[in-house]
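Colleague: Using only what follows, build the 3D model:
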Amino acid sequence: MAQSEAKQEQWYIFSNDIPQGKTIREVIDEIARQPGVRFVAQFTGEYKIFVAVEADTLEELQTAIAENYIPAGLQSQSVKLDVSSRIEAPKRGSPDYCAIVKVKTNGDPEQVLGAIDDAFEERYQQDEPDHHLFSYGACTVVPGPDFQILVDLGADSFQEVIRTAKVDLRAVDGVLPSISMSTSFLPGNAKRPGNPDES
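Modeller: As a prediction, this is how the structure comes out:
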């Protein structure tokens, strides 16, 4: 398994506001140059831009938002990785097509996360080491009043990533049907500072 051993705290940011006079890609390019950013891409669905960042503290994150991310064009809602999947945290690599899914549960989020891991672990392992056909990462998040688990799914076609989210993920015990999903075609779109060849 490829469990992440990152020392810094992981945060995920969702943004819909694009400053007047700028394109989404211009904002993404600017955000990719900001401190702590390890992934940024355009998405279609509930939000336009999704960002994964690392910060040592909440104070460091808030300073980066105020001094770097907002001036770069990122207006945001953010959540913190609370408990990572035993398999992988979100946005550690993906095939060309990606879905970021906000999962609601009426059960214990950590137990449901474990059930989601169980559902995708065999498929994830079958595609090791490169994950060109399928990738999976997930975590519980805080604060999470409108969702408790963030799931990152990757597949080699748009139809398959949608099917995996709508059918396979929804079939997991504890996952409520009202998932919120945004999708992306990553080549030529996603920016990973320090890892230019990785989606």
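Colleague: Show me what the lowest-mean-pLDDT helix or strand in the chain is packed up against.
Modeller: Within the chain, confidence by mean pLDDT, DSSP states H and E is lowest for helix 70-72 among all helices and strands, at a mean of 84. On a contact count with 3 or more CB pairs under 8 Å, 6 or more residues apart in numbering; DSSP states H and E, helix 70-72 meets helix 24-32. Every C-beta, even on glycine, is put in place using the N, C-alpha and C of the backbone.
Colleague: if I pick residue 141, what's in contact with it?
Modeller: Shown in contact with residue 141 (CB atoms under 8 Å, 6 or more residues apart in numbering): 12, 79-82, 147-150.
Colleague: Residue 127: which of the residues you listed is nearest?
Modeller: Nearest to residue 127 out of the contacts of residue 141 is residue 150 (CB to CB; 20.7 Å).
Colleague: how much space between residue 65 and residue 189?
Modeller: Residue 65 sits 23 Å away from residue 189 when distances are taken as CB to CB, to the nearest Å.
Colleague: neighbour-wise, which of these two wins?
Modeller: Neighbour count, other CB atoms under 10 Å: between residue 65 and residue 189, residue 65 has more, with 21 against 17.
Colleague: Not counting its neighbours along the chain, what's nearest that one?
Modeller: residue 76 (6.6 Å; CB to CB, 6 or more residues apart in numbering).
Colleague: about what we covered before: other SSEs contacting the helix or strand that the least confident helix or strand of the chain is followed by?
Modeller: The first helix or strand that comes after helix 70-72 along the chain, using DSSP states H and E, is strand 77-84. Counting contacts by 3+ CB pairs under 8 Å, 6+ apart, strand 77-84 packs against strand 9-15, helix 109-126, strand 134-142.
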